[in-house]
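next come a sequence and a model predicted from it.
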Amino acid sequence: MEIIYQTNRTMLFEEINPEKLDLITIVGDVKGIDSLSDEKIKEINQHLLVRSFDEFLDKFSPTVYSFFNAANQKVVYTLKKPEGIDEDSISEIRVNQSNDFLKMLFTLIDTKRSQGITNVDFKFENLLDMISPKKVMDDIRQVRKEIHYMYGEYDKLDDGDPKKLDMGDKLNGMFEEASQNYNNVMAMLPLAIEDIKTRLLLGGAQEENSGELIQVGMLSIGESGELKIIEAPKSDSTELMLLDENSTGDLSQVFEEDYNSITDTPSDYVKDLVVRTFVPLPAVQTKVDTAVEVQNYNTYLEFYKNAKDDFVKAVKPLVEKILGVKMFFDQYATKSKGMLPTMLVANNKLDMLVKSSNIPRLETYLNTVNAKNEFSDTIWFGIVPSVELEAAGKVKVSRERFKGNERVVKQGGNSMESLSMLLQVVKDYKIQMFFNFESGEETTFNSMATAGIDKYVDKCASLVRREYSEFAIPCVPNFTIIPKDKSGVIIDSKMLQTEDGVQLSKEKEDILKLWIEGVYVGAAYVAAGLVASYQCPEYLRETFKTVNKNFPGVRFDIEAGDNSLRTVTTMAKEITGFTNTIKDAINRKNFGFVFSSENAQIQDKDIRRITVYKARSMAMSEDGFDSIYKTLVSTYIERILRYQTGDFKHENIVRFFSNNPSSQKSKWLSSRGSVNSIIQDGDDMSFIIDEKSNMCHIDLVFNGNVKNLEVMITKGTSSVKS
């Protein structure tokens, strides 16, 4: 580990935010140069390298852009900043930790993980309503509570008190967050919806009184002794208004001034709405035009539902990428941090990166970080999500008798051709590429449990028996965050004005519901995240007793023994398991990086997480496909050999493999017995030097299977052939 202290930097071949810098742009023109300068690598790392999910959100600030189309009275959402539209007319919606849709998905993943129950039994609907106006309002109530508390504490302190100034900073931060939505009508809509409901139904969101219009009254005994509730007399004084003359009144004034100073197009209605939302005061004389308010409510609700529907459809591909990156970092679930997985985000679409004009830029970058005896920036793994998978042909319908699925052309999938082009480049730099197929119902655990893996094997046939086969790792199946058939979200019900007052409709057609159409995470993110995690000795030490702190996890074989039950993903189980027929087929073919959602136990403990069933590349071996660790060990040994032999000098190679106790081979042999030993029991390494061709042939024996490595012997510096 003193020579190579990281074996888990991963490169994501995906575009996250087209408005941010990307690899092609930063690398720039590379005519006549073989390597980038240290300053250029530093600049690339500054913009594209992330060490955590929070840093990823911070550097790439994933964004959805929206503008209003007056022609059809709709909100338009797009992931690319619209050109030719005035900057002031475009709203930017940050997709970060405080975005209600993303927040809902994170909560859902965490809840499912803690419960450890399968998709069929999980109550998705209980969490999906987090994006309804009612739940958005709940979040705001919490913020409101915090602002009131902080303002009360602030108000008690003397001016100039350092503690008061600290609190002032915190209050400024809270107001900043609250004020971000003043100009965003879409963000104000849930407030307006709940505000009308509160005023007309006195909190009709509370199920027990979601009925008629409410008039606050008082209990009295009539002339002849009868008991009745009469309407309470309205007070014209302002005494009721001021709950606490100093704090609440002041706070409403602060919000009023804040709104007026920030908003471009102030509206009294929205100003009152902001003040009422953040500083609720008892009404003195409230004149409500019920008919207008009911109409407003229904218009707002319909508009909010349609806009939310369009937003979810536009943002979903981006959200699935964000979730993928989160799942990559989440796999490193260890208390004591060691070799942290890091990710370099290319921020380019794959087809753009593999254009013949751009390949030299990628090659020059990889040549700089992967072909030097300096390993801090070396890329070991790559992730290519969303490779196209053609489904079986659908029946052609001449006349649509029932409403069926709309034909949606999937956007942003990567072609097999682009993947092959990329593999052709990265094989020279020994980068193992984890890739998965497009997400959807046809690539889930459910689908694989019924249809097996044949369609994946067929699709990958073109990657077999190629120079790059050992670097291609197909990952199946994808993970389901929300199944398509359980992705309905009830927004709310329309409001009706009746003779008895106002009430929420109970009719089915008046319940507004939107469908998210399923949310999925590509298997490549989780596979790469897990392999990157178990490179770290600290991570392995959480579950294994015999770990050598001096070695990375390159030789760790997740398929051996009960390793897969100890080194589990953070993903909750999805199904009850695959049938024996499907498992037999997977074992017979030994294909791909296959995840498993099986019932299993280790040391009397139930495994409630998804585990790894196979970890194979597209390289052929006697029993199907080859284990991914063999390529990784081979790459690791080659890099150590190059470093320690001064670029493969003859006499140094002989010393490296000699039986001398101080040789590298002897050191590795004497360190056997750990789960991450470079040479394990049953392994061996030997070499033959061919003087005529100046080549050194190295045989790496893994448990009886031989893997060949060739290096060219030099007197000076030369490139590797392998």
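Here it is on my side, so go on.

list the contacts for the closest residue to Leu540 other than its chain neighbours?
Nearest in space to Leu540, with sequence neighbours left out and distances taken as C-beta to C-beta, 6 or more residues apart in numbering, is Val547 at 4.7 Å. C-beta coordinates here come from the backbone N, C-alpha and C atoms, glycine included. Val547 sits next to 537, 540-541, 674-676 when contact means C-beta atoms under 8 Å, 6 or more residues apart in numbering.

a markdown table for the residues you listed, including pLDDT?
Below are the contacts of Val547 laid out as a markdown table (pLDDT from 0 to 100):
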| residue | pLDDT |
| --- | --- |
| Pro537 | 96 |
| Leu540 | 96 |
| Arg541 | 95 |
| Ser674 | 95 |
| Val675 | 95 |
| Asn676 | 95 |
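
one step back: so how far is Ser674 from the residue nearest to Leu540?
6 Å (C-beta to C-beta, to the nearest Å).

ok, now Ile193?
Taking C-beta to C-beta, one finds Ile193 at 60 Å from Ser674.

who has more neighbours, these two?
Ile193 (26 against 20; other C-beta atoms under 10 Å).

quick one, phi/psi of the residue nearest to Ile640 when sequence neighbours are not counted?
The shortest distance from Ile640 to any non-neighbouring residue, by C-beta to C-beta, 6+ apart, is to Ile3 (6.2 Å). Dihedral angles phi and psi of Ile3 (degrees, to the nearest 10) take the values phi -90, psi -60.

now do Ile3, the pLDDT please.
pLDDT for Ile3: 92.

that one contacts Tyr643, doesn't it?
Yes. If you go by C-beta atoms under 8 Å, Ile3 and Tyr643 touch, sitting 5.5 Å apart.

more neighbours, these two?
Tyr643 (15 against 11).

quick one on the thing from earlier: now a PyMOL select for only the buried ones of the contacts of Val547.
Per 16 or more other C-beta atoms under 10 Å, the buried members of those correspond to this PyMOL selection:
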select buried, resi 537+540+541+674+675+676
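
which one of the contacts of Val547 sits closest to Arg588?
Closest to Arg588 out of those is Val675 (27.9 Å), distances taken as C-beta to C-beta.

give me the low-pLDDT residue ranges for the stretch 301-450 of the chain?
Confidence mapping of the stretch 301-450 of the chain against pLDDT under 70 gives the ranges 391-412.

and the strands in it, which stretches?
342-345, 381-387, 432-437 (DSSP state E, counting those that start in this stretch).

next, the angle from the second one to strand 432-437.
Meaning strand 381-387. 20 degrees (axes from the mean of the first three to the mean of the last three C-alpha atoms, to 10 degrees).

report all helices and strands that strand 381-387 contacts.
strand 9-12, helix 290-330, helix 416-426, strand 432-437, helix 523-533 (3 or more C-beta pairs under 8 Å, 6 or more residues apart in numbering; DSSP states H and E).

now swap in the first one and tell me
Based on contacts counted as 3+ C-beta pairs under 8 Å, 6+ apart, the elements that strand 342-345 packs against are strand 9-12, helix 38-48, strand 49-50, helix 53-60, helix 290-330.

rerun that using 6 Å as the cut-off
The contact analysis (3 or more C-beta pairs under 6 Å, 6 or more residues apart in numbering; DSSP states H and E) places strand 342-345 against strand 9-12.

could you point out which element follows the strand it packs on?
helix 23-27 (DSSP states H and E).

extract the C-alpha set from that following helix and format it as PDB.
Taking C-alpha atoms only, helix 23-27 is exported to PDB below (Å, rounded to 0.1, in the frame of the first residue of the first chain):
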ATOM      1  CA  LEU A  23     -13.700  16.100 -19.500                       C
ATOM      2  CA  ILE A  24     -13.500  16.800 -23.300                       C
ATOM      3  CA  THR A  25     -13.700  20.600 -22.700                       C
ATOM      4  CA  ILE A  26     -11.100  20.700 -19.900                       C
ATOM      5  CA  VAL A  27      -8.600  18.400 -21.700                       C
END
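
just how off-centre is it within its chain?
Chain-centre distance of helix 23-27: 24 Å, with C-alpha atoms, centre = their mean, to the nearest Å.

and if you look at stretch 341-358?
On C-alpha atoms, centre = their mean, the centre of stretch 341-358 falls 18 Å from that of its chain.

how long is it end to end?
Start and end residues of stretch 341-358 are separated by 27 Å (C-alpha to C-alpha, to the nearest Å).

buried residues, it. List them.
Buried-residue list, stretch 341-358, by 16+ other C-beta under 10 Å: 341-351, 353-354, 358.

and of those, the nearest to Leu669?
Pro341 (29.3 Å).

distance check, that closest one against Pro552.
Distance from Pro341 to Pro552, by C-beta to C-beta: 12 Å.

re earlier: out of the helices and strands packed on strand 381-387, deepest packed?
helix 523-533 (a mean of 30; mean count of other C-beta atoms under 10 Å).

which residue, neighbours along the chain excluded, lies closest to the spatially most central residue of the chain?
Nearest to the geometric centre of the chain sits Leu323, at 1.4 Å (C-alpha atoms, centre = their mean). Spatial nearest neighbour of Leu323, excluding adjacent residues (C-beta to C-beta, 6+ apart): Val521 at 5.0 Å.

surely that neighbour meets Val325?
No. Counting by C-beta atoms under 6 Å, Val521 does not reach Val325; the two are 9.8 Å apart.

so what sits against both of the two?
Both Val521 and Val325 lack any common contact, where contact means C-beta atoms under 6 Å, 6 or more residues apart in numbering.

quick one, which of the helices and strands packed on strand 381-387 is nearest to Phe60?
It's helix 290-330; of the helices and strands packed on strand 381-387, that one is closest to Phe60 (C-beta to C-beta) at 8.9 Å.

residues near Gly168, how many?
13.

ugh, wrong one, I meant Thr635
23.

helix or strand: which one has it?
helix 628-644.

can you give me the offset of that helix from its chain's centre?
With C-alpha atoms, centre = their mean, you get 31 Å for helix 628-644.

other residues contacting it?
Residues contacting helix 628-644 (C-beta under 6 Å, 6+ apart): 3, 373, 430, 470, 473, 554-555, 557, 615, 617, 656, 700, 702, 707, 709.

just the buried ones from these?
Using 16+ other C-beta under 10 Å, the buried members of the contacts of helix 628-644 are 430, 470, 473, 554-555, 557, 615, 617, 656, 700, 702, 707, 709.

Tyr525: which of those is nearest?
Nearest member of those to Tyr525, counting by C-beta to C-beta, is Ile473, at 12.7 Å.

wait, the closest one sits on Phe434?
Yes. Contact between Ile473 and Phe434 holds when scored by C-beta under 6 Å: they sit 4.9 Å apart.
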